[in-house]
Each structure stands twice: as C-alpha cells, then as structure tokens.
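1. got a structure for you, letters missing:
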C-alpha cells in the first residue's frame, strides 16, 4: 500500500440553535469538539506521520494542536485548505436566506456545484483551489500525512479523487472529527477511501 493521506474534519463547533452558513466564519471548538480532538490524538498516537497540514481557521488549528501535542511533527497552516467562502451569507441562518432571498436559495439548491453566493465562491471554485493545494501536498511528501480541514473541502476532494459528480457532494456527510484514510489501490492505481469513526462505542 502506498502512502496514506489522513483527511480529517475538525472537531465540533457551536453553531447555535439554528443551522447557519458557516464557511470562513472563524469559530473555535466547543467542549465536545475538544473531546473529539482528544480521541483523534489517541487514534494517531501509534501512527507515524511525516507532516501535518491544516486550514488556518481556528477550529482546525485547535484540532491540529491537540492531535500533535507532545509530538515533534512538522506542521503547516494553509489558507487554501480553508472552508468555502459564503460571502454575504456568512453567519446567516438557512431560514433567513430562504425567507429573504427565496430565488437565490432555490437556485443554490438546484445548482449546488456552480452557484456562488454574493461575495462568496462556488463549490466548483472551491474544488479548483483545494485540489491545487492537495496535489502540492502529495507531491512534496514521501510518508503519511495528516490534513485537517472542513466538510466542504473534504467533499470536493473526494469528488475529484473518487470520481463522482460535484453536484452530488452532499451525499457525503463527514461528521465532526471523522478520519478519511486515502490511499492508492496498488493494482488499479485508483484512489480508495476508508472512513474511520473516532466516536466512543
């Protein structure tokens, strides 16, 4: 088996009582998220890691620091791994956008891959940004690496590597603190993904 890429979603954040668009809004881990990061630390305690990469948003940085606490592993924060920019919709609730801008809300649902909220970016643009970073990481490392990032970023990476349409990315629902272990199948040289749950049994 070739080198492994551990693609990790950060620990849980406090999103508030109502579901909101949280892209580049810089929220910290909540207590549950800190506990999830602690379980990730345990999971990786016996795994050799060459280098760790992370989004520069605080929820990912905190997750990274907890996982690597006490280990001498090189780490790099990369803005290109940040979550999708939701522009003027950042921090707004789904119901607020649906009520105030029903046509745009519906358009995003119909064209989830190419729709761009005012001042923000589309998932198509996100994928172009992220895949460029991902390929640089793959090309510059020989051993196993950790990438700590966001749900949207994980979705567009898996869409590209596993070859499913970008408008189907919401079929992928990575929970907080999940680990997606990526590796190339030695026989057919295609990317494979194993999802690991760190939730207590």
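-> Looks like it arrived, so ask away. None of the values given here were measured: they were computed from a predicted structure.

2. CA atoms for contacts and neighbours, from now on please.
-> Fine.

3. where exactly do the strands run in the protein?
-> Remark: strands assigned in the chain by DSSP state E are 5-9, 51-54, 74-77, 145-149, 179-184, 191-196.

4. Go through the fourth one and flag the buried ones.
-> Buried residues in strand 145-149, counted by 16 or more other C-alpha atoms under 10 Å: 145, 146, 147, 148, 149.

5. Reformat those as CSV; add pLDDT.
-> Formatted as CSV, these follow (pLDDT from 0 to 100):
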residue, pLDDT
145, 98
146, 98
147, 98
148, 98
149, 98
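
6. give me the low-pLDDT residue ranges for this structure?
-> Across the chain, residues meeting the criterion (pLDDT under 70) sit at 1, 186-188, 200-201.

7. Longest helix of it, counting residues only.
-> Longest helix in the chain, counting residues (DSSP state H): helix 123-139.

8. ok now it, how far from the chain's centre?
-> Relative to the chain's own centre, helix 123-139 is displaced by 12 Å; criterion: C-alpha atoms, centre = their mean, to the nearest Å.

9. Buried residues, it. List them.
-> Along helix 123-139, the positions that meet the burial threshold by neighbour count (16+ other C-alpha under 10 Å) are 123, 124, 125, 126, 127, 129, 130, 131, 133, 134, 137.

10. OK, contacts around the third one?
-> Put plainly, it is residue 125. residue 114 (C-alpha atoms under 8 Å, 6 or more residues apart in numbering).

11. ok, so what distance separates it from residue 173?
-> 20 Å (C-alpha to C-alpha, to the nearest Å).
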